[in-house]
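# any chance you could fold what I've pasted below:
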Amino acid sequence: MVNLETNRIVDMIESREGCDVSEWLKEYPNIEIVSRDGSQTYAAAIRQAHPNAMQVSDRFHIIKNLNEKAKLCFQKLFQGRVSIPLTPETANRRDIMLMGTKPEKIRLVKQMRSEGRSLDEIRVITGASEQAVKKYIAMREEDIPVQKQTVRGREHEEAVEKIRSRALRVRELKEQGLSISAISEQTGFVYDTIKRYLSEDFTPVNAHYGKQREGKLEPFRGEVLRMKESGLKYREIYDTIKSQGYNGTQDAIRGFISKERRISRDIGAQDRASQELIDKKWLIQLLYKPIDKVKGITQTQLDAVIAACPVAGNIYSLVNEFKELFKQQKPCMLFLWMKKASMLDLPEINAFISGLQTDIEAVKNAVTTDYSNGLAEGSINKLKLIKRTMYGRCGFKMLKNKTLKLENNDQYDQFN
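Numbers count the residues shown, from 1 in each chain. As a prediction, the model looks like this:
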């Protein structure tokens, strides 16, 4: 029990039983207002000891309870991660961090730093280690390595350019009105080749470029790319897929990633999924923090999640509107909120509404007054500090006497 005016602990009781609490409260006949959590045991004890006292349900505990119910809703809505259409920001980052060259990665990190992003934000966005991020930020422009083109890449470009020039010649002859037979006589190309060059779906890139016979890594291809995208090191990737049956080498994984990067650069577009995954934990964090404080999700991604699952957007709105109730201090808004929330027909939210209705007077007082359990919660921290100095010795009576003595001691401020 804490005195609201003096901010000091008045008394302590060892029991949580309703009858004991009631008898204890009767020792203080001057009590007029009591702030408490949602415990109905305490509510009944207070009514029995002081029928005319105003009870105030603690705002922190009410909002905490709503957040927990909303969290349960998200646990049911989303099993693990949420799939949404690939956002441009994520697609660009994925391209650079997974398939980009080292200079591209360095410049991406330096650009984000120049935009005012923190080290933690850059690390989360890029998937790079903290050490790598610091190294890239500190690197001078003249020290950024120059990317060298591979022999295989150069050969591929030459082959693509050669085929492109052939196709252009065939199309020019066709525009001049020549038949396929005449074009064949002038160019020496066979009928099927000319038809392929004239096709709308024609591409100078070899259809077999980047293809490989199925090897030991093929069953783990998608998982390897995802793990590399998330920032795992080659050794960590190797250990993970080895436990799943991979019997190749770690160098093979390194070569596979290098080849994927080269193919992506050469072709100019990688075969990537059109979806991205949002971890459920970021969605849950939004129940407690504004989106600019949650580093794992952007507003664009959140909008996509809500578009895919409108119920999630309704839950966010309910939570935010409920928090706003206590700023407005209008009890009529509480009843409107309860009516609106019940229309969603979510079992978890309905259970929360039922709890509010059971303790409605105390909840209304929480909306209209400024009383809370803040002093009591802070006093518990003091109590824990005192308890630790006792190293588990003695019992509740000694702890109570020591606490109350310190509370009334002029030297307590120095102790605290």
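# from here on, just use CA atoms for contacts and neighbour counts.
OK.
# tell me the phi and psi of the closest residue to residue 47 other than its chain neighbours?
Spatial nearest neighbour of residue 47, excluding adjacent residues (CA to CA, 6 or more residues apart in numbering): residue 53 at 7.5 Å. Note on residue 53: backbone dihedrals following degrees, to the nearest 10 are phi -70, psi 140.
# neighbours of residue 53, just the number please.
Neighbour count for residue 53, taken as other CA atoms under 10 Å: 14.
# list the contacts for it?
Shown in contact with residue 53 (CA atoms under 8 Å, 6 or more residues apart in numbering): 31-34, 46-47.
# most neighbours, which of these?
residue 46 (26 neighbours).
# so how far is residue 79 from that residue?
Computed as CA to CA, to the nearest Å, the residue 46 to residue 79 distance reads 42 Å.
# kindly report the same for residue 250.
Here residue 250 is placed at a distance of 32 Å from residue 79 (CA to CA).
# which one's more surrounded, those two?
residue 250 (16 against 9).
# isn't the more buried one right up against residue 240?
No - the criterion here is CA atoms under 8 Å, and residue 250 misses it with residue 240 at 11.2 Å.
# which secondary structure elements does the longest helix along the chain contact?
Secondary structure of the chain read by DSSP state H shows that its longest helix is helix 151-175. Packing contacts for helix 151-175, counted by 3 or more CA pairs under 8 Å, 6 or more residues apart in numbering; DSSP states H and E, involve helix 180-187, helix 191-198, helix 250-267.
# mean confidence for whichever helix or strand comes after the longest one?
Stepping forward along the backbone from helix 250-267, the first helix or strand reached (DSSP states H and E) is strand 275-279. For strand 275-279, mean pLDDT is 73.
# got it, and stretch 164-171?
88.
# try stretch 357-377
Rounded mean pLDDT across stretch 357-377 is 89.
# can you check stretch 193-203 too?
84.
# burial count for the residue nearest to residue 249 when sequence neighbours are not counted?
Nearest residue to residue 249, sequence neighbours excluded (CA to CA, 6+ apart): residue 238, at 7.8 Å. Applying other CA under 10 Å, we find 22 residues neighbouring residue 238.
# on that earlier part again, most packed of the helices and strands packed on helix 151-175?
Sort the helices and strands packed on helix 151-175 by mean neighbour count, taking mean count of other CA atoms under 10 Å, and helix 250-267 sits at the top with a mean of 17.
# residue 80 against residue 283, yeah?
No - applying CA under 8 Å as the test, residue 80 and residue 283 come out as separate, 10.9 Å apart.
# of the two, give the one with the bigger neighbour count.
The neighbour count for residue 80 versus residue 283, taken as other CA under 10 Å, is higher for residue 283 (23 against 14).
# secondary structure element holding that one?
Assigned by DSSP H and E, residue 283 belongs to helix 280-285.
# and the very next helix or strand once past that helix, what's buried?
Downstream of helix 280-285, the first helix or strand assigned by DSSP H and E is helix 299-308. Buried residues in helix 299-308, defined by neighbour count with 16 or more other CA atoms under 10 Å: 301-302, 304-305.
# and whichever helix or strand comes after helix 299-308, what's buried?
The helix or strand immediately downstream of helix 299-308 is helix 310-328, counting by DSSP H and E. For helix 310-328, the neighbour count (16+ other CA under 10 Å) marks 311-312, 315-316, 318-319, 322, 325-326 as buried.
# then helix 310-328 to CSV, C-alphas only?
The C-alpha coordinates for helix 310-328 follow below in CSV (Å, rounded to 0.1, in the frame of the first residue of the first chain):
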residue,chain,number,x,y,z
PRO,A,310,-7.8,-6.5,-43.4
VAL,A,311,-8.5,-8.0,-39.9
ALA,A,312,-5.0,-7.1,-38.9
GLY,A,313,-5.6,-3.5,-39.8
ASN,A,314,-8.8,-3.5,-37.8
ILE,A,315,-6.9,-4.8,-34.7
TYR,A,316,-4.3,-2.1,-35.0
SER,A,317,-7.0,0.5,-35.3
LEU,A,318,-8.8,-0.9,-32.2
VAL,A,319,-5.6,-0.9,-30.1
ASN,A,320,-4.7,2.7,-31.1
GLU,A,321,-8.2,4.0,-30.5
PHE,A,322,-8.3,2.4,-27.1
LYS,A,323,-5.1,4.1,-26.1
GLU,A,324,-6.5,7.4,-27.3
LEU,A,325,-9.5,7.0,-24.9
PHE,A,326,-7.3,7.8,-21.9
LYS,A,327,-6.0,11.0,-23.5
GLN,A,328,-9.6,12.2,-24.3
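# now it: mean pLDDT?
Per-residue pLDDT over helix 310-328 has a mean of 92.
# mind checking how far it is from the chain centre?
Its chain's C-alpha centre lies 19 Å from the corresponding centre of helix 310-328 when counted by CA atoms, centre = their mean, to the nearest Å.
# this completes my enquiry, with thanks.
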